[in-house]
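[1] Please work out how this folds:
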Amino acid sequence: MRRVVVRNAALRWPVRLPDSIRNQRINAVERRAKYLLVHLDTGGLIVHLGMSGHLSVVPTGSTPAKHDHVDFELDDARTVRLTDPRRFGSLHWQPLPVDDHWLLRDLGVEPLSDDFDGGHLAVRARGRRVAVKSFLMDSRVVVGVGNIYANEALFIAGIRPRIAAGRLSRPRLAALADAVKATLQSAIQSGGTTLRDFVGSDGRPGYFVHELSVYGRGGEPCRRCDTILKEVRLNGRGTVYCPRCQH
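    The predicted model follows:
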């Protein structure tokens, strides 16, 4: 990477990058939770795209638009450009080891990994009075389970969102872990869930929204039993469930 050009440092947190990252080699790019990690020789860039951010590849020297805040100039006359109209995203530098950064060090397991199962949930849920939906969305327990997918997974597992996590048996927690994996895998196959301005890397929207069983359907009949779905607020988030299928 030849250099990084920061036009607007006022993202969610101020962008502060050392001069030493110039001319460092990009050794790997990976994802951890909602963060993209760009591994360089002496550390890593931690990128969060927020609600509306995206990365694009453009020829180096291309005229930036209003919301093009950061350029990562490569050696092959191409530039990876960070665009973020709402500026809810972030960009951090962390010297090795990258996992020591405060955004990463307390993160839970990845939901599609072998580490995420009923046993993991049982250990983390023991004695907890927090509602299971809030528990499932806690990134210290498991990462990547947002509001939409928590609603859907709980429906598949037949679990009411407000029940205390610590009251659930290990078999029910195992069913919930399986439901989370099934929900996320279906969403990935459908290209994600487009509610506003999200598009995938191919410019197409996500179509999982057409497969949602409960999220956004409060007051409508359950697709499984025709009971009217209930909608409540749980920790400020819209929560929809079937009073018959979930208990």
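[2] drop to CA atoms for contacts and neighbour counts, all remaining ones
    Will do.
[3] Would you map the strands across this protein?
    Under the criterion DSSP state E, the chain contains strands at 3-6, 28-32, 35-39, 43-48, 54-59, 68-73, 78-83, 90-95, 230-234, 237-241.
[4] could I get these as TSV with distance to R140?
    TSV is the format used below for the strands of the chain (distance: least, Cα to Cα, whole Å):
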stretch	distance to R140
strand 3-6	31
strand 28-32	13
strand 35-39	15
strand 43-48	17
strand 54-59	25
strand 68-73	30
strand 78-83	28
strand 90-95	20
strand 230-234	19
strand 237-241	19
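[5] between the ones you listed, which gets nearest to I148?
    Taking Cα to Cα, strand 237-241 is the member of the strands of the chain nearest to I148, at 8.7 Å.
[6] what stretches of this structure score poorly on pLDDT?
    Scanning the chain for pLDDT under 70 picks out 191-210.
[7] Kindly recompute the last result at 80.
    Along the chain, the model assigns pLDDT under 80 to residues 190-211.
[8] Show me the longest helix that occurs in this structure.
    Counting by DSSP state H, the longest helix found in the chain is helix 170-189.
[9] Restricting to C-alpha, output that one in PDB.
    C-alpha atoms of helix 170-189 as PDB (Å, rounded to 0.1, in the frame of the first residue of the first chain):
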ATOM      1  CA  ARG A 170     -29.400 -26.800  27.200                       C
ATOM      2  CA  PRO A 171     -31.500 -28.500  24.500                       C
ATOM      3  CA  ARG A 172     -33.400 -25.300  23.800                       C
ATOM      4  CA  LEU A 173     -30.200 -23.300  23.700                       C
ATOM      5  CA  ALA A 174     -28.700 -25.900  21.300                       C
ATOM      6  CA  ALA A 175     -31.800 -25.400  19.100                       C
ATOM      7  CA  LEU A 176     -31.300 -21.700  19.200                       C
ATOM      8  CA  ALA A 177     -27.700 -22.000  18.200                       C
ATOM      9  CA  ASP A 178     -28.700 -24.100  15.200                       C
ATOM     10  CA  ALA A 179     -31.500 -21.600  14.300                       C
ATOM     11  CA  VAL A 180     -29.000 -18.800  14.300                       C
ATOM     12  CA  LYS A 181     -26.700 -20.700  12.000                       C
ATOM     13  CA  ALA A 182     -29.600 -21.600   9.700                       C
ATOM     14  CA  THR A 183     -30.800 -18.000   9.600                       C
ATOM     15  CA  LEU A 184     -27.500 -16.500   8.800                       C
ATOM     16  CA  GLN A 185     -26.700 -19.100   6.100                       C
ATOM     17  CA  SER A 186     -30.000 -18.500   4.400                       C
ATOM     18  CA  ALA A 187     -29.400 -14.700   4.600                       C
ATOM     19  CA  ILE A 188     -25.900 -15.100   3.000                       C
ATOM     20  CA  GLN A 189     -27.300 -17.200   0.200                       C
END
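[10] what comes up buried for that helix?
    170, 172-184, 187 (16 or more other Cα atoms under 10 Å).
[11] Quick one: residues contacting K181.
    111-112 (Cα atoms under 8 Å, 6 or more residues apart in numbering).
[12] so how far is stretch 18-34 off the chain centroid?
    20 Å (Cα atoms, centre = their mean, to the nearest Å).
[13] scratch that, stretch 23-38
    With Cα atoms, centre = their mean, you get 16 Å for stretch 23-38.
[14] could I get it in PDB with only the CA atoms?
    This file holds the C-alpha atoms of stretch 23-38, laid out as PDB (Å, rounded to 0.1, in the frame of the first residue of the first chain):
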ATOM      1  CA  ASN A  23       4.700   1.500   1.800                       C
ATOM      2  CA  GLN A  24       3.700  -1.400   4.000                       C
ATOM      3  CA  ARG A  25       2.600  -4.600   2.400                       C
ATOM      4  CA  ILE A  26      -1.000  -5.800   2.700                       C
ATOM      5  CA  ASN A  27      -0.600  -9.300   4.000                       C
ATOM      6  CA  ALA A  28      -4.200 -10.300   4.500                       C
ATOM      7  CA  VAL A  29      -7.800  -9.000   4.700                       C
ATOM      8  CA  GLU A  30     -10.300 -10.700   7.000                       C
ATOM      9  CA  ARG A  31     -13.500 -10.000   8.800                       C
ATOM     10  CA  ARG A  32     -14.000 -10.100  12.600                       C
ATOM     11  CA  ALA A  33     -17.600  -9.400  13.600                       C
ATOM     12  CA  LYS A  34     -18.600  -6.200  11.800                       C
ATOM     13  CA  TYR A  35     -15.100  -5.100  11.200                       C
ATOM     14  CA  LEU A  36     -12.800  -5.500   8.200                       C
ATOM     15  CA  LEU A  37      -9.200  -6.100   9.300                       C
ATOM     16  CA  VAL A  38      -6.400  -5.100   6.800                       C
END
